[in-house]
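Colleague: Dropping the sequence and predicted coords here.
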Amino acid sequence: MFIRQIHYLLALSKTEHFGRAAEICCVSQPALSTAIQHLEEELGVTLIRRGQRFQGFTMEGERLLQWARILAQDWECMRQEAAQCNRQLTGTLRIGAIPTTLAVAPLLTEPYQSDYPGVGVKLVSLCADDLIRQLDNFELDLGLTYLEDPGLKGFRKLPLYRERHVLLARSPDPRLFKDNLGWADVAKLPLCLLTPNMQNRRLIDAAFREAGISPNIMLETDSVFALYAYVRSAGLYSVVPHSLLSLFEMSRDVTAIPLNPELSREIGLIARRQDLPPPLQNAAWNIAQSLNLQHRFDGLITAIY
């Protein structure tokens, strides 16, 4: 009963509505409300400010919510460990990824689910700040992101590859095919780039600033698939990490051209630092250590240029 009460409390924190929290937990609203009241009685603390509807958590309730998240996570880890003892690891591995790394996720999850077919995967696209927050709140198991972010201090890190940016084009001007294609050359082209709030775009903006030039930006989007569509169908150019080349039919649709000086940054997995990592997380971490992604992605440039 105690574990159910904890899950009821966390569902209420997520939905901020008694009825929706009850739906998530597959119980009636009175049953959920009564269970939380019993938890308050057991703890001797009022957790929720009540009126005709949910009005938020008390100051004490906000403090205890973090302990509730830890308890729920520890229970899930205990359940996973028991399943692993029976060689039947089950559950859902929750991964957050910054948008430009979404193409990389299948290279991790495919061998993972091959080894552990009873495990599902939930993959969400998040900005770096939201990814860190959800890891801190036990809402994610792993993050796939830039490892040089100063906000990652205290996290467990596993480098996977160093991304290299390339110019993406369809039917490019032959004069662009040169060993020293620079940022000044790229700035003159009609560009489509990710939106300024995204880390990848901030890296590209910094490269243009360092070169002392302003790019000719025709379109901004928060979707890497939209970037590809505009390059392929609208004649625009883009600057993308070379890990995305595996998504595109390079041989007949678009061309990737290396840039000089090279813009690169290290990508990897991050997780909360714990004495006993959850079995689902630990199994994925071990598989990721065996991947040779750098060779795979660098080969995509070599194959087409």
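Modeller: Perfect, I can see it now. Just so we're clear, the structure is a prediction, and the values are computed from it rather than from any experiment.
Colleague: biggest strand in this structure, by residue count?
Modeller: strand 156-169 (DSSP state E).
Colleague: same for it, what does it pack against?
Modeller: Applying 3 or more Cβ pairs under 8 Å, 6 or more residues apart in numbering; DSSP states H and E, we find strand 156-169 packed against helix 224-234, strand 238-241, strand 255-258, strand 264-271, helix 279-288, helix 293-304. Heads up, the C-betas are built off the backbone N, CA and C, glycines and all.
Colleague: just so I know, which of the ones you listed lies nearest residue 164?
Modeller: When the helices and strands packed on strand 156-169 are compared by Cβ to Cβ, strand 264-271 sits nearest residue 164, at 5.0 Å.
Colleague: And the closest one, how far out from the chain middle?
Modeller: 11 Å (Cα atoms, centre = their mean, to the nearest Å).
Colleague: Also stretch 217-228?
Modeller: 19 Å.
Colleague: Stretch 10-18 now?
Modeller: 23 Å.
Colleague: Identify all contacting residues around it.
Modeller: By Cβ atoms under 8 Å, 6 or more residues apart in numbering, the list of residues contacting stretch 10-18 from outside reads 21-22, 24-25, 29, 32-33, 36, 48, 53-54, 56-57, 65, 68-69, 72.
Colleague: Any stretches of the protein with poor pLDDT?
Modeller: 1, 84-87, 248-252, 302-305 (pLDDT under 70).
Colleague: again, only using 80
Modeller: Scanning the chain for pLDDT under 80 picks out 1, 51-53, 77, 79-88, 179, 246-253, 276, 301-305.
Colleague: Need the residue closest to the centroid of it.
Modeller: In the chain, the residue lying closest to the centroid (Cα atoms, centre = their mean) is residue 97, at 1.5 Å.
Colleague: hey, what's the closest residue to it other than its chain neighbours bridged with?
Modeller: The shortest distance from residue 97 to any non-neighbouring residue, by Cβ to Cβ, 6 or more residues apart in numbering, is to residue 144 (4.0 Å). Beta-bridge partners for residue 144, by DSSP bridges, are residue 97, residue 269.
Colleague: returning to that earlier point: out of the helices and strands packed on strand 156-169, flag the one nearest residue 198.
Modeller: With Cβ to Cβ as the criterion, residue 198 lies closest to helix 224-234 of those, at 9.8 Å.
Colleague: What residues sit buried inside that closest one?
Modeller: 224, 227-228, 230-232 (16 or more other Cβ atoms under 10 Å).
Colleague: Same list, those residues, but as TSV with distance to residue 126 please.
Modeller: Shown next, in TSV, are those (distance: Cβ to Cβ, whole Å):
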residue	distance to residue 126
224	14
227	18
228	21
230	23
231	25
232	26
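Colleague: quick check, nearest of those to residue 117?
Modeller: Nearest member of the buried residues of helix 224-234 to residue 117, counting by Cβ to Cβ, is residue 224, at 29.3 Å.
Colleague: who touches the closest one in this structure?
Modeller: 99-100, 102-103, 194, 240, 244, 247 are the contacts of residue 224 under Cβ under 8 Å, 6+ apart.
Colleague: Repeat that for residue 52.
Modeller: Here residue 52 is in contact with no residue (Cβ under 8 Å, 6+ apart).
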